[in-house]
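Colleague: What follows is a predicted protein model with its sequence.
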Number of protein chains: 2
Amino acid sequence: MTVQDAHTSAQEPGGDGKRPIGWHKDHLTGPRPDLRVPVRRVHLTNGRDVTLYDTSGPYTDPTVDTDVRRGLPPLREDWITGRGDTEEYDGRPARPEDDGHKDAAPGGGLRNLDAVFPGRPRRPRRSRDGSPVTQLSYARRGEITAEMEYVALRENVSPETVREEIAAGRAVLPANVNHPEIEPMIIGKRFLVKVNANIGNSAVTSSIEEEVEKMTWATRWGADTVMDLSTGRNIHTTREWVLRNSPVPIGTVPLYQALEKVGGRAEELTWEIYKDTVIEQAEQGVDYMTVHAGVLLRYVPLTARRKTGIVSRGGSIMAAWCLAHHKESFLYENFEELCEILAAYDVTFSLGDGLRPGSVADANDEAQFAELRTLGELNTVAKAHGVQTMIEGPGHVPMHKIKENIDLQQEICEEAPFYTLGPLTTDVAPGYDHITSGIGAAMIAWWGTAMLCYVTPKEHLGLPDRDDVKTGVITYKIAAHAADLAKGHPGAQEWDDALSDARFEFRWEDQFNLALDPDTARAFHDETLPAEPAKTAHFCSMCGPKFCSMKISQDIRRRHGGEMDEIEAGMAEKSREFAAAGNRVYLPVAD
Amino acid sequence: MTVQDAHTSAQEPGGDGKRPIGWHKDHLTGPRPDLRVPVRRVHLTNGRDVTLYDTSGPYTDPTVDTDVRRGLPPLREDWITGRGDTEEYDGRPARPEDDGHKDAAPGGGLRNLDAVFPGRPRRPRRSRDGSPVTQLSYARRGEITAEMEYVALRENVSPETVREEIAAGRAVLPANVNHPEIEPMIIGKRFLVKVNANIGNSAVTSSIEEEVEKMTWATRWGADTVMDLSTGRNIHTTREWVLRNSPVPIGTVPLYQALEKVGGRAEELTWEIYKDTVIEQAEQGVDYMTVHAGVLLRYVPLTARRKTGIVSRGGSIMAAWCLAHHKESFLYENFEELCEILAAYDVTFSLGDGLRPGSVADANDEAQFAELRTLGELNTVAKAHGVQTMIEGPGHVPMHKIKENIDLQQEICEEAPFYTLGPLTTDVAPGYDHITSGIGAAMIAWWGTAMLCYVTPKEHLGLPDRDDVKTGVITYKIAAHAADLAKGHPGAQEWDDALSDARFEFRWEDQFNLALDPDTARAFHDETLPAEPAKTAHFCSMCGPKFCSMKISQDIRRRHGGEMDEIEAGMAEKSREFAAAGNRVYLPVAD
């Protein structure tokens, strides 16, 4: 397996000590020497630099020798051990059924790689005395952790702001003590809007190798977190490879693996099997877990007359379990014990919306909002146990019903970060649901959603491949950045301004290098005007030389600069006259 | 040239008299026998039909034998002549410079086809006595034209509603008396949101053949109007081919051709050359014309400190002319004469926003809104002359500044239809500007924009090819339909509901046939599960058989239907108890 292609766009600094061209990986340093925050430094041809947020991890750093068989360096290890509140222990022994096998060791029967992850040996770590070792608990007692300082530098805010937002439960910093490899990031409405990319094999297709590759590929294009939603065989081993190589927090839905352990029969699920799976995954280092504890027995009938019933996998599994046993959900009944487990590893809750609408017809219905109210109660319980918590949201919602979702969630869940899947604003475009949902995602993020779960073009149709992952991530980075702009996030517009300046001044190479996807921008330009001189031409094939408005606009400034000043002065005079005359609008055609 | 591929998705009715499968072209008929409105009739496997709006013209009608050398049948001819207010006349003679040649007849030196359009001979037609022959003038005096009845049937509203909206200037029905080939359509906020696709060669690339093909291709995917923005050679002849073969209204920017006639030197433009070009195009049958008459001399300096100056081609040309002569715009000065010309052919004004922002930094600035106020004045003048009028809008606008654009336009322009280009919600994603702008387009359409001008992935980078045209149209159909849903347009949600029903019931073929782009939906599904049985499978490769939430959801309904009714009854009881106890929220985890 290679992640070499993650490098292809980077143009390395010249060996001759000259200023590098294009862009290169760099790091911000703060007051602490052990704290280096990765950034993408774009070097413009006009001598300026533009610094962009970077999620791609050490893979794009030519000074780091990465090897997926070894895993990434444990960046946070000293910070975690330094706090002295955790300890290593003999973890839960691996079992064949962890990977969906009946009679072989985990990793047996794998189609690729060397089965079990060959990296550095590790023992799991957890709270020394059972008390929470979460960023929330530290923030509450006034501690600014290294992770908080890291994200403060990354977001260009004060460490105290980070601490306050986490302490108030308005932001989460997902960082399992068993996932020291991550570069810390924060999810909350006061910060940059984040994007999650889902990966994961299914029973039908794909391999471990592909999943690790999809993870590095997704972060290369800007995914802030990755959810491993694998459901087929080798779930445990796939996750191990993904975790050890991931520079971003990893989320999962433990219910999927639990269901595999009972052969796919929902009614055979038990709290014990589920709990064991959560511990298994917490020991591996999963940073946040989707838990569909809000699907209560009494809500299931509310979905009976829906157009598309229950469309969350986890939601439908729990609904089936509740009805099969005619009992309340074991996730709900055992929620406090679950909190204690998550608190001991600093796993963040992502309270799943198992009853989210699967069609615009079902949006904002009784089932959906009944569950949301329960998620609000569970949010309170989780916080009482010191567990960081975010809340998942829909789904399929027409534009005029989107705002109610975020407003209600913020009210009911005491401003806990909202993490939505789109929402898709129409059902009629399978094959383009990255776009139907990108529209809703941008809007709901503007109104306060903290993280957006991407949707790929394959949604509803099949498993996304590498190209789909990229398209999904880019579409959602657009939605997230559009929201950052609309929220007036400090510094967000600098990026747009730098690109627009480059565009107006025909600095084509700068325009490409500043683009969210430089490769595509360059390729599209070159399709019609491939020659090198076209890279400095004052036009493109869209309008041609005579009709380039920017060229004409520049000519006007050059030729008529002084005259424009005169006209403007005259206009100011006219404007005063107009105001003096009572601002009456006159018909312009006088003759 | 062929447009055969426009047929590929249609599955024709069976010759054995059985019910057709897939979908086929059909027509709605109203009270008038000469009035047949095209629709796409989707035949579902459950025996139902779904009827969708269709813009693809006779090309998708297997009963019509189309030939691009002959042109489309003149559908409206009898309606136009029947009104008796127009007459044929010897039009303006064609000149070599119409096609950008100095010394050959128009159509000479063409790279393809047979140069001059070989179809039926025709003489231009105009108002018999100079009084307006516009749908606006008919509507005002209480007449419901055949065109109005046609769009009423098409939009499923009463003819009187159509007449009222046109009479009030809130809607336009672009229909030049010299373009009898079109299937009438309406643009106004009370109707379905429309989408325009731009085509047109540039000096750098592309041919007549390609442009005609792009036009049929764009309408095949849902373009409601097409603008021919050609700027290179053969403008006149390209336009003739496009018009004679177009089932949708054609828009142009006459200034482009006028500029070609003066060798690209803006300062050599004159009112006479411009006027002659407008008449030339009106005689050909152009249905609406973008006129940048709001770019006044005194506004140009307002753009001097902008990040991206003037980005409208027409706007920059007029600004250059104004400054070169230090005179007010000849379009503004001669606007009333222009109105008289347009009224005599029923050409609709599209008052261009020559000073629209080209970057988020320039959005909603003084230059932009100063011009908008002038467009409001011109709108009043145009209406006084009986000319149908719509107003063009931006551009690049971050989400939080979008609503001000539509609100201000509606106020200043007395609810004249707004016709916006996107807007793009961020500048950082060249190569994906169909998406950055699709977000803004959906929002501004929800808030009242009547027509959206598409943006393709090539925006800012190059001339769109066939694939880009399709991607642009589909993206904008999504934005338009999402807006129709959000506006609660009657019947809009039926389409979503039909598709969601098909999805929930695993009627894969129905899901494909109902999709905005059936080909892509089917191809994406088949990529991972190509076999025929997969078309009836109760899962797809996205989740696999065990994790299909819809399958589980259906199982629940089948197995636990009665039980759900009981729970619901019990819940209603609980709910009454809860209300009786004062609606207190209790913490759910009691033990």
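Modeller: That came in fine, so what should we check first?

Colleague: tell me the secondary structure for A:Glu87?
Modeller: Under the three-state scheme (DSSP: H, G, I helix; E, B strand; the rest coil), A:Glu87 adopts strand.

Colleague: ugh, wrong one, I meant A:Trp495
Modeller: helix.

Colleague: And it, how close does it get to chain B?
Modeller: Noted for A:Trp495: a distance of 5 Å to chain B, by CB to the nearest CB, to the nearest Å. (Glycine included, C-beta is placed from N, CA and C.)

Colleague: again, but for A:Thr425
Modeller: 4 Å.

Colleague: That residue touches A:Thr436, doesn't it?
Modeller: Yes - counting by CB atoms under 8 Å, A:Thr425 sits close enough to A:Thr436 to count as a contact (5.5 Å).

Colleague: which residues do those two both contact?
Modeller: Taking CB atoms under 8 Å, 6 or more residues apart in numbering or on different chains as the contact rule, A:Thr425 and A:Thr436 both touch B:Ile478, B:Ala482.

Colleague: So these two - more neighbours on which side?
Modeller: Comparing A:Thr425 with A:Thr436 by neighbour count (other CB atoms under 10 Å in any protein chain shown), the higher total belongs to A:Thr425, at 35 against 31.

Colleague: Determine the three-state secondary structure at the closest residue to A:His560 other than its chain neighbours.
Modeller: Using CB to CB, 6 or more residues apart in numbering or on different chains and skipping the chain neighbours, the partner closest in space to A:His560 is B:Leu323 (4.4 Å). Using three-state DSSP, the structure places B:Leu323 in helix.

Colleague: Now do the contacts for A:Ala486.
Modeller: Counting by CB under 8 Å, 6+ apart, A:Ala486 touches A:Trp446, B:Pro398, B:Met399, B:His400, B:Thr425.

Colleague: for chain A, longest helix please?
Modeller: Looking only at chain A and at elements set by DSSP state H, the helix with the highest residue count is helix A:549-580.

Colleague: quick one on the thing from earlier: between the contacts of A:Ala486, which is nearest A:Cys540?
Modeller: Closest approach between the contacts of A:Ala486 and A:Cys540, by CB to CB: B:Thr425, at 22.1 Å.

Colleague: what number of residues lie near the closest residue to that closest one other than its chain neighbours?
Modeller: Nearest residue to B:Thr425 in three dimensions, chain neighbours excluded: A:Ala482, at 4.0 Å (CB to CB, 6+ apart). Using other CB under 10 Å, A:Ala482 has 32 other residues around it.

Colleague: counting contacts, what elements does the longest helix of chain A pack onto?
Modeller: Using 3 or more CB pairs under 8 Å, 6 or more residues apart in numbering or on different chains; DSSP states H and E as the contact criterion, the elements in contact with helix A:549-580 are helix A:492-504, helix B:313-325.

Colleague: do that again at 7 Å, thanks
Modeller: Counting contacts by 3 or more CB pairs under 7 Å, 6 or more residues apart in numbering or on different chains; DSSP states H and E, helix A:549-580 is packed against helix B:313-325.

Colleague: Kindly calculate the angle that the helix it packs on makes with helix A:549-580.
Modeller: Helix B:313-325 and helix A:549-580 are oriented at 70 degrees to each other (axes from the mean of the first three to the mean of the last three CA atoms, to 10 degrees).

Colleague: What residues of helix B:313-325 count as buried?
Modeller: Judged by neighbour count using 16 or more other CB atoms under 10 Å in any protein chain shown, the buried positions of helix B:313-325 are B:Arg313, B:Gly314, B:Gly315, B:Ser316, B:Ile317, B:Met318, B:Ala319, B:Ala320, B:Trp321, B:Cys322, B:Leu323, B:Ala324.

Colleague: And for stretch A:384-391?
Modeller: Within stretch A:384-391, the residues that count as buried by 16+ other CB under 10 Å are A:His385, A:Gly386, A:Val387, A:Gln388, A:Thr389, A:Met390, A:Ile391.

Colleague: Also within reach of chain B: list those from those residues.
Modeller: Filtering the buried residues of stretch A:384-391 for proximity to chain B (criterion: CB under 7 Å from any CB of the partner chain) leaves nothing.

Colleague: Out of those residues, which comes closest to chain B?
Modeller: In terms of CB to the nearest CB, no member of the buried residues of stretch A:384-391 lies closer to chain B than A:His385, at 10.2 Å.

Colleague: show me the contacts for A:Asn46.
Modeller: When the contact criterion is CB atoms under 7 Å, 6 or more residues apart in numbering or on different chains, the partners of A:Asn46 are A:Arg507.

Colleague: How about A:Ala304?
Modeller: A:Ala304 sits next to B:Arg557, B:Met564 when contact means CB under 7 Å, 6+ apart.

Colleague: do A:Trp508 as well
Modeller: Contacts for A:Trp508 (CB under 7 Å, 6+ apart) come out as A:His525, A:Lys535, A:Thr536.

Colleague: same thing but at 6 Å, please
Modeller: A:Trp508 sits next to A:Lys535 when contact means CB atoms under 6 Å, 6 or more residues apart in numbering or on different chains.

Colleague: What of the one 4 residues further on?
Modeller: In this structure, A:Phe512 makes contact with A:Pro518, A:Ala521, A:Arg522, judged by CB under 6 Å, 6+ apart.

Colleague: Check the gap between the first one and B:Ala515 for me.
Modeller: Distance, A:Pro518 to B:Ala515, using CB to CB, to the nearest Å: 32 Å.

Colleague: Now flag whichever of the buried residues of helix B:313-325 is closest to B:Val291.
Modeller: Nearest to B:Val291 among the buried residues of helix B:313-325 is B:Gly314, at 8.1 Å by CB to CB.

Colleague: ok so, going back, more neighbours: A:Pro518 and B:Ala515, which one.
Modeller: Counting neighbours by other CB under 10 Å for A:Pro518 and for B:Ala515 shows that B:Ala515 has the greater number, 24 against 21.

Colleague: Which residue comes closest to the more buried one once chain neighbours are left out?
Modeller: Of all residues not flanking B:Ala515 in the chain, B:Ala521 sits nearest, at 4.0 Å (CB to CB, 6+ apart).

Colleague: Ok, A:Gly315 next?
Modeller: A:Gly354 (2.4 Å).

Colleague: again, but for A:Thr420
Modeller: Using CB to CB, 6+ apart, the nearest residue to A:Thr420 is A:Gly393, at 3.8 Å.

Colleague: residue boundaries of the strands in the stretch 251-400 of chain A?
Modeller: Assigned strands in the stretch 251-400 of chain A, in chain order: A:288-291, A:348-351, A:389-393 (criterion: DSSP state E, counting those that start in this stretch).

Colleague: Taking the stretch 51-200 of chain A, what residue is nearest to chain B?
Modeller: Minimum separation of the stretch 51-200 of chain A from chain B (CB to the nearest CB) falls at A:Leu52, amounting to 9.2 Å.

Colleague: which outside residues touch the strand or helix carrying that residue?
Modeller: A:Leu52 is part of strand A:49-53, with elements assigned from DSSP states H and E. When contacts are defined by CB under 6 Å, 6+ apart, strand A:49-53 is touched by residues A:Val39, A:Arg40, A:Arg41, A:Val42, A:His43, A:Ala498.

Colleague: Pick the one among those residues closest to B:Glu268.
Modeller: Proximity to B:Glu268 was ranked across the contacts of strand A:49-53 by CB to CB; first place goes to A:Ala498, at 37.0 Å.

Colleague: And the closest one, how close does it get to B:Gly570?
Modeller: Distance, A:Ala498 to B:Gly570, using CB to CB: 61 Å.
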